[in-house]
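# Coordinates for the following, if possible.
(one chain, ligands or ions: 1)
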Amino acid sequence: MKILVINGPNLNLTGRRQPEIYGSRTMDDIIASLRDAFTGVTIDYFQSNCEGAIIDRLHEAGFGEYDGIVLNAGAYTHTSLAIADAIAAIETPVVEIHLSNIAAREEIRHRSLIAPVCCGTIAGFGELSYRLAVEAIMNF
Ligand code: DQA
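Down below sits the predicted model:
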């Protein structure tokens, strides 16, 4: 089984950025723990602060190489019709995830443009959100 984790803008600062919201562990820590937790799964990781780069990676990954994609699109979740279109265009199932509970935050974060084209959403469990998404893909 092969899974791609894609993180969007500002998630490279996880661990330093607003730790009271996003936790104090870095993405390196989180991805290392994820790989340790699922030793039988190949977990590739990609992060970009650029909308187009995320779309390019979805296009590259979305036709057969992966069993599933775990996507934390960061703030693009709430703004990017282009990322939503890319998810709709590819064949690989995409699980939307968030570290924080976006439904409990500012109103602008309540709407996800990508939710309708993802197979499900996991939010609010901190780094556990990534693990739950991998488990979801393993159970497809
Ligand atoms: C986030 C939630 C988004 O609203 C925010 O813009 C992020 C991170 C999360 O993981 O909780 O950058 O996707």
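
# Spell out which parts of this protein neighbour the ligand.
Residues of the chain lying near the ligand by C-beta under 6 Å from any ligand atom: 10, 72, 74-75, 77, 98-100, 102, 109. (C-beta placed from N, C-alpha, C; glycine too.)

# could you redo the last one with a cut-off of 8 Å?
Counting by C-beta under 8 Å from any ligand atom, the chain comes close to the ligand at 8-11, 21-22, 72-78, 97-102, 105, 109, 123, 129.

# Please enumerate the strands of this structure.
2-7, 42-47, 68-72, 94-98, 120-123 (DSSP state E).

# I'd like those strands written out as CSV, with distance to Ile114 added.
Below are those laid out as CSV (distance: least, C-beta to C-beta, whole Å):
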stretch, distance to Ile114
strand 2-7, 11
strand 42-47, 16
strand 68-72, 7
strand 94-98, 6
strand 120-123, 9
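
# For those, give me a markdown table that also has mean pLDDT and mean neighbour count.
Formatted as a markdown table, the strands of the chain follow (pLDDT from 0 to 100; neighbours: other C-beta atoms under 10 Å):
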| stretch | mean pLDDT | mean neighbour count |
| --- | --- | --- |
| strand 2-7 | 99 | 22 |
| strand 42-47 | 99 | 17 |
| strand 68-72 | 99 | 26 |
| strand 94-98 | 99 | 26 |
| strand 120-123 | 98 | 18 |
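
# any weak-confidence spans in the chain?
For the chain, applying pLDDT under 70 flags no range at all.

# Quick check: most distant residue from the centroid of it.
Glu107 (20.6 Å; C-alpha atoms, centre = their mean).

# Which of the residues of the chain next to the ligand fall within helices?
Members of the residues of the chain next to the ligand lying in helices (criterion: DSSP state H): 21-22, 129.

# and the residues of the chain next to the ligand, which are buried?
Taking 16 or more other C-beta atoms under 10 Å as the criterion, what is buried in the residues of the chain next to the ligand is 8-9, 11, 22, 72-74, 76-78, 97-100, 102, 109, 123, 129.

# List the contacts of Met138.
1, 38, 41 (C-beta atoms under 8 Å, 6 or more residues apart in numbering).

# where's the residue farthest from the centre of the chain relative to His78, distance?
10 Å (C-beta to C-beta, to the nearest Å).
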